[in-house]
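Undergrad: The following block contains a protein sequence and its predicted model.
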Amino acid sequence: MTDTALPTIQHWIDGAPSTSTPARTSPVFNPALGTATSNVALADDAEINAAIAAAKAAFPGWSNTSIAKRQNIIFKFRELLNERKLELARIITSEHGKVVSDAAGEIQRGLEVVELATGFPHIMKGDFTENASTGVDVFSIKQARAAGRQGRGKQAGPRAALRRRAGPRCGGCAAPRRRTRRPAASRRRRGRRRSPSCASGG
């Protein structure tokens, strides 16, 4: 039976706690004391759909945000975790019954995962192999996919133009491209233009 006098842990949707009154809740126990300390809201279909809609609405802006800015946000998240790791360890202790030192070790392992995530710019890089087979270059492009989006749709703008210049592709896989063989002195890679500053090779 749920104790309505206890605080309710709400869902976090679209950057803010949900203000709806949950139809169902579940008690959160402190294992060390054997007593309920709060209630957690159980989502219904409307809240699940609201969370999905918020994610889909945020995707275009987030995906068009520069890699440097996105990396900075993850670094800030990492710093917040580090600053409040003792507070988080005490929350784990109250909800899972672990001693604080063990809970602090769990937070430290989580920090290591976040630190790995800060290196995502390197994971996002594609690959290019020239002359993988006779007269064939192989390349791969990594692109994000929005929540609930399936298949490939029409694209316009710089990304579509870049894709046309680069050649065919298949999802995130490597796609072969046939090259026309030309004398080495005049050969240039397709899809790449030299800027004036590097025209002389500098």
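TA: Nice, I can see it. Because the structure is a prediction, the values reported are computed rather than measured.

Undergrad: which residues in the chain form helices?
TA: According to DSSP state H, the chain carries its helices in the segments 45-63, 67-83, 85-96, 100-117, 120-123, 158-166.

Undergrad: Run through who's touching the second one.
TA: The reference is to helix 67-83. 62, 88, 107, 110-111, 114-115, 117-118, 120-121, 124 (C-beta atoms under 8 Å, 6 or more residues apart in numbering). The C-beta positions use only the backbone N, C-alpha and C, and glycine is treated the same way.

Undergrad: let's go with 7 Å and repeat that
TA: 110-111, 114-115, 117-118, 121 (C-beta atoms under 7 Å, 6 or more residues apart in numbering).

Undergrad: tell me the angle it makes with helix 85-96.
TA: 70 degrees (axes from the mean of the first three to the mean of the last three C-alpha atoms, to 10 degrees).

Undergrad: Show the contacting residues for Lys85.
TA: 104, 107.

Undergrad: per-residue pLDDT, it?
TA: Lys85 carries a pLDDT value of 94.

Undergrad: which stretches of the protein have low pLDDT?
TA: 1-4, 144-202 (pLDDT under 70).

Undergrad: one more time with 50, if that's ok
TA: Applying pLDDT under 50 to the chain flags residues 148-177, 180-202.

Undergrad: one step back: mean neighbour count, the helices of the chain: which tops it?
TA: helix 85-96 (a mean of 16; mean count of other C-beta atoms under 10 Å).

Undergrad: quick check: angle from that helix to helix 100-117?
TA: Using the same axes, to 10 degrees: helix 85-96 against helix 100-117 is 120 degrees.

Undergrad: before we move on, back to that, to Thr134, which of the helices of the chain lies closest?
TA: helix 158-166 (20.1 Å; C-beta to C-beta).

Undergrad: CSV please, covering the helices of the chain and showing distance to Ala32.
TA: Converted to CSV, these look like this (distance: least, C-beta to C-beta, whole Å):
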stretch, distance to Ala32
helix 45-63, 31
helix 67-83, 24
helix 85-96, 8
helix 100-117, 11
helix 120-123, 38
helix 158-166, 54
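
Undergrad: Would you mind telling me which of those helices is nearest Gln10?
TA: Nearest of those (C-beta to C-beta): helix 45-63, 9.7 Å.

Undergrad: What angle do helix 67-83 and the closest one make with each other?
TA: Using the same axes, to 10 degrees: helix 45-63 against helix 67-83 is 120 degrees.

Undergrad: helices or strands up against helix 45-63?
TA: strand 12-13 (3 or more C-beta pairs under 7 Å, 6 or more residues apart in numbering; DSSP states H and E).

Undergrad: Kindly recompute the last result at 10 Å.
TA: strand 12-13, helix 67-83 (3 or more C-beta pairs under 10 Å, 6 or more residues apart in numbering; DSSP states H and E).

Undergrad: If you count neighbours, what's buried in stretch 117-137?
TA: Residues 128, 137 are the ones in stretch 117-137 that count as buried (16 or more other C-beta atoms under 10 Å).

Undergrad: Can I get that stretch in CSV? Just the C-alpha atoms.
TA: Extracted in CSV, the C-alpha atoms of stretch 117-137 (Å, rounded to 0.1, in the frame of the first residue of the first chain):
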residue,chain,number,x,y,z
ALA,A,117,31.9,9.2,-23.5
THR,A,118,33.8,12.5,-23.6
GLY,A,119,35.9,11.0,-26.3
PHE,A,120,32.9,10.6,-28.6
PRO,A,121,34.3,12.9,-31.4
HIS,A,122,36.8,10.2,-32.3
ILE,A,123,34.1,7.6,-32.3
MET,A,124,32.0,9.7,-34.7
LYS,A,125,34.8,9.9,-37.3
GLY,A,126,34.3,8.1,-40.6
ASP,A,127,37.0,6.2,-42.5
PHE,A,128,38.5,6.5,-46.0
THR,A,129,40.7,3.9,-47.7
GLU,A,130,42.1,4.9,-51.0
ASN,A,131,42.6,2.1,-53.6
ALA,A,132,41.2,-0.6,-51.3
SER,A,133,40.7,-2.6,-54.6
THR,A,134,41.9,-1.7,-58.0
GLY,A,135,40.6,1.7,-58.8
VAL,A,136,38.1,1.6,-55.8
ASP,A,137,38.1,3.8,-52.8
